[in-house]
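> Mind looking at a prediction? Sequence and model below.
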Amino acid sequence: MNARARTRAIAIGVVVLVAATVAGLLVGPARIGAGDVFRWLLALGRTPEGMTEQEATILANLRLPRVLVGGLVGASLAASGAAYQAVFRNPLADPYLLGAAAGAGLGATIAVAYGPSGVVEVTVPIAAFAGALVGVGLAYGLGRSGIGGRTATGLVLAGVAVASFLTAVQTFLQQQRSETLRQVYTWILGRLGTTGWDDVRLALPSVALAAATLWAVRRLLDVIEVGDIEAQSLGLHVGRLRLAVVVAASLATAAAVAVAGLIGFVGIIVPHTVRLLVGASYRAVLPLSVLFGASFLILVDLLARTVVAPAEIPIGVITAFVGAPFFVAVLRRSGRTA
Amino acid sequence: MRLERERAAATSGAPVALEVGELSVRLDGRRILSDVRLEVPTGSWVCVIGPNGAGKTTLVRAVAGLLPYGGSVRLWGRPSAELGRRERARAVAVVPQLPTIPEGLTVEQYVLLGRTPHLGLLAVDGPRDQEVVAQVLERLDVAWAAGRRLETLSGGELRRVVLARALAQEAPLLLLDEPTTGLDLGQQLRVLELVDRLRRADGLTVVSTMHDLTLAGRFAQRFALLSGGRLVAEGVRGEVLAPHVIAEHYGAAVRVIDDDELGWAVVPIPEPEP
């Protein structure tokens, strides 16, 4: 794919994201027409004529933050999935399967249950980030030590073991502090039901920093595809790049987990679909994973809140429903070629 | 007479491109190379031969700075260890024996990876890099495949594409680790002839490892025989590719044919039936 085709694909990604955002704003229990939504958007926060204050409030304080957080979370999970896949050269790497998300969940739980109250907005993201790094570190260390024969599957098996362990610790801590149980439990299922502007403020800095870092190194991710030794012979400092990318991807994962809980498989579904469409170069895969990841999660959330309305399905249930079969397909494919 | 002609042809007084001194390599506590010394004149082709496990690939990697070693590796007089990674990659290009072929990349995207050491920290390529890639693809006769995905190419085409990536590095020293592995006879000849043409045209210095002694003898000017991690013979064809040397280190009885009509060849002699 040449530069022009790449630009076109990215333009399509932007259009899809705008469409998903508008759809996310349109749909909900209160009926607000498309025309009203557009007029509200164009009025930039003021209440346009012919629209009630209540409708404007619903858009501004319920739907818009929810769509934004959905987009941020989807972009984070998809981009970090793509990034982990690149630096571990493993098509099955994913924030959820690597133990990064479970580590972030444990970190967040510790911050809520044992940390000082009142500064949760600060402690939760930091603790989640530390937990995510611990999770990935453990999974990668175990995977490299030869579990499953240092294969793609070996890394994922190590990640599953790490994730189970960290989740068990998290559950234990929750039981110890049952007064915070509800607060923590809302994360675990993965949902966007109680999302507000606080969550946007919580996630945005980390996601922006991580996305900017991954975006900046996207060309180098192609170099790493030829393996450590060959990449080194091309002058690349492989260890440094891998560390920077893992830190950035874990930061994004932690932010996603801190606001939305454990949502699996987005990091598998989106990057692999993008590769099918535009090939394997991260010059295209990375930006498109950000755009399509955001659109994907906004649309999945739309499904989650409409299918059994007025109730909601946890969003993680839907991504697993789509993602698990997808994962099996990727697994079969990687088994054939590895 | 012939030996003297070979010697005269191989030592043209060109500056030394690569100088390996007292090189030793240990991997996982095992000594792989000991006290290897080698000089390669600029513009020449030196072939490293030796039985399996002799340390040929390790020598290539050490020269490219891809593993820790004792002793010295100098590139045009400068110690390689003092060069930065990217600087070294601009001086030495490696074609590995079994290159990793990333599925889903196009030929053009793959060859562009060769420009990495010339790019800035974030590998932003410019028009000059695109131009180099286009030229290299043209020269190696794979321009038609620029937009094709790597996994759709044949073995011979892939070899040329990997070579193209190495040439895109524009490094004056080219290290080829078993460049003919997995190719049919015609492809083997074409790849080696191509390398030889590029060497003559661009003044490249080539160091290759090779198993096929006949092909090695036809293309290289000097030979280094590694056995058990040591350099046991070094010199021109008549000195290194001699029946008694080959018999000793490969454990194979051979005859060397040097015929004005047939050319030069190493031919195995069948063991007599007991």
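Yep, it's here.
> Identify the residues contacting whichever residue of the stretch 151-300 of chain A sits closest to chain B.
Going by Cβ to the nearest Cβ, chain B is nearest to residue A:280 of the stretch 151-300 of chain A, at 2.7 Å. Glycine gets a C-beta too; all of them are placed from N, C-alpha and C. By Cβ atoms under 8 Å, 6 or more residues apart in numbering or on different chains, the contact set of residue A:280 is A:225, B:102-105.
> Specify the local secondary structure of residue B:159.
helix (DSSP: H, G, I helix; E, B strand; the rest coil).
> In CSV: the contacts of residue A:280, plus pLDDT, neighbour count and secondary structure.
Formatted as CSV, the contacts of residue A:280 follow (pLDDT from 0 to 100; neighbours: other Cβ atoms under 10 Å in any protein chain shown; DSSP: H, G, I helix; E, B strand; the rest coil):
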residue, pLDDT, neighbour count, secondary structure
A:225, 91, 24, coil
B:102, 91, 22, coil
B:103, 87, 15, coil
B:104, 88, 16, coil
B:105, 93, 23, coil
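> Now do the helices in the stretch 101-250 of chain A.
A:120-144, A:152-176, A:181-188, A:197-216, A:218-224, A:228-233, A:238-260 (DSSP state H, counting those that start in this stretch).
> Is there proximity between the fourth one and chain B?
Yes - judged by Cβ under 8 Å from any Cβ of the partner chain, helix A:197-216 comes into contact with chain B through residue A:216.
> so what secondary structure elements neighbour that helix?
For helix A:197-216, the packing partners by 3 or more Cβ pairs under 8 Å, 6 or more residues apart in numbering or on different chains; DSSP states H and E come out as helix A:64-87, helix A:120-144, helix A:238-260, helix A:282-306.
> Out of those, which is the most enclosed?
Highest mean neighbour count of those: helix A:64-87, a mean of 29 (counted as mean count of other Cβ atoms under 10 Å in any protein chain shown).
> returning to that earlier point: need the least confident one among the helices of the stretch 101-250 of chain A, by mean pLDDT.
Mean pLDDT is lowest for helix A:181-188 among the helices of the stretch 101-250 of chain A, at a mean of 60.
> rewinding a little: how about the helices and strands packed on helix A:197-216 in TSV, adding distance to residue A:97?
Putting the helices and strands packed on helix A:197-216 into TSV (distance: least, Cβ to Cβ, whole Å) gives the following:
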stretch	distance to residue A:97
helix A:64-87	9
helix A:120-144	8
helix A:238-260	11
helix A:282-306	16
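> Please name the nearest non-neighbouring residue to the residue of the stretch 101-250 of chain B found nearest chain A.
Of all residues in the stretch 101-250 of chain B, residue B:104 sits closest to chain A, at 2.7 Å by Cβ to the nearest Cβ. The shortest distance from residue B:104 to any non-neighbouring residue, by Cβ to Cβ, 6 or more residues apart in numbering or on different chains, is to residue A:280 (2.7 Å).
> pLDDT score for the one you found?
So, for residue A:280, pLDDT stands at 91.
> try residue A:196
79.
> again, but for residue B:52
Reported pLDDT at residue B:52 in the predicted model: 91.
> just to revisit the earlier point, let's verify the residue of the stretch 151-300 of chain A closest to chain B: helix, strand, or coil?
Assignment for residue A:280 (three-state DSSP): coil.
> how about the strands of chain B, start to end?
B:16-27, B:30-41, B:45-49, B:70-75, B:78-79, B:92-95, B:173-177, B:205-209, B:222-227, B:230-235, B:254-259, B:263-268 (DSSP state E).
> of all the ones you listed, which lies closest to chain A?
strand B:92-95 (4.4 Å).
> and that closest one, what's its mean pLDDT?
Mean predicted confidence for strand B:92-95 is 96.
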